[in-house]
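Undergrad: Output the structure for:
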Amino acid sequence: MANLVQLILPSIELDLKEIAHTFSKFACNAHTICDPELRPLGTGLFPAISIINHSCVPNAVLLFEGRTAYVRALQPLSSNTEVSISYIETAATTLKRHNDLKQYFFTCTCPRCIKDSEEDALLEGYRCKDQKCDGFLLPDSGKKAYTCQKCSISRDEEEVKKVSSEILLLSDKASSFL
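TA: Numbering: from 1, shown residues only. Purely as a prediction, here's the structure:
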């Protein structure tokens with residue numbers, strides 16, 4: 001087979017590094033084309049859309065109608081506002097989102113990723129350790145602890161990291177079944 005390729009294309013010199021570099025650029029800038037039910041149909045390269053930055057709190061979404069891509073604002077945007085979309089599932093924990101973004105070779109610095117917030121605590125599901133309480137643990141500034149917003153029971157940072165790691169492992173295991 002290699003001889004056949006050399007016979008047909010004798011003057012082409014293949015640079016494997018250049019090929020790998022080109023495929024890497026494609027992988028980072030391509031978009032999964034989905035149907036209205038968000039089922040993947042294929043992959044497309046849309047250069048104008050590829051320059052839109054990521055945020056875990058995006059102000060726009062990427063939609064497809066057939067082979068045409070549209071960027072739709074989620075709220076009114078002023079003329080000097082940067083448009084952002086999410087490259088990943090935004091409902092995931094911060095740790096999972098950061099892990100999913102590794103394929104894009106950057107670390108997200110959106111407001112949700114750079115600060116602990118009540119919204120993150122609720123989204124990440126740090127429940128109170130008291131089974132009778134339905135409260136959520138919120139970061140205690142300066143104490144490196146999390147305190148339940150209902151009953152005031154605290155968990156230290158190490159305890160929360162352990163729970164977070166367990167959740168991530170279970171999430172990855174569940175994803176592997178899909």
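
Undergrad: mind checking which helix or strand R155 is in?
TA: Using DSSP states H and E, R155 sits in strand 154-156.

Undergrad: Can you read off the pLDDT for A2?
TA: Predicted confidence (pLDDT) for A2: 56.

Undergrad: swap in D116?
TA: On the pLDDT scale, D116 is placed at 55.

Undergrad: Kindly report the same for F64.
TA: Here the pLDDT value assigned to F64 is 88.

Undergrad: Tell me the buried residues in the strand or helix carrying it?
TA: According to DSSP H and E, F64 maps onto strand 60-65. For strand 60-65, burial by neighbour count (16 or more other C-beta atoms under 10 Å) applies to 60, 62, 64. Yep, even glycine has a C-beta here, placed from its N, CA and C like the rest.

Undergrad: Stretch 87-98 too?
TA: Residues of stretch 87-98 classed as buried by neighbour count (16+ other C-beta under 10 Å): 87-88, 92-94, 96-97.

Undergrad: Tell me the one among the buried residues of strand 60-65 nearest to C133.
TA: Looking at the buried residues of strand 60-65 and their distance to C133, the nearest is A60, at 38.1 Å (C-beta to C-beta).

Undergrad: residue contacts, the residue lying closest to S86 once chain neighbours are set aside?
TA: Excluding the flanking residues, the one nearest S86 by C-beta to C-beta, 6 or more residues apart in numbering is P58, at 4.5 Å. When contacts are counted by C-beta atoms under 8 Å, 6 or more residues apart in numbering, P58 touches 74, 84-86, 90.

Undergrad: how near is V57 to R112?
TA: To R112, V57 is 5 Å away according to C-beta to C-beta, to the nearest Å.

Undergrad: Hmm, V163 is touching C128, no?
TA: No - when contacts are counted by C-beta atoms under 8 Å, V163 is not listed as touching C128 (11.5 Å).
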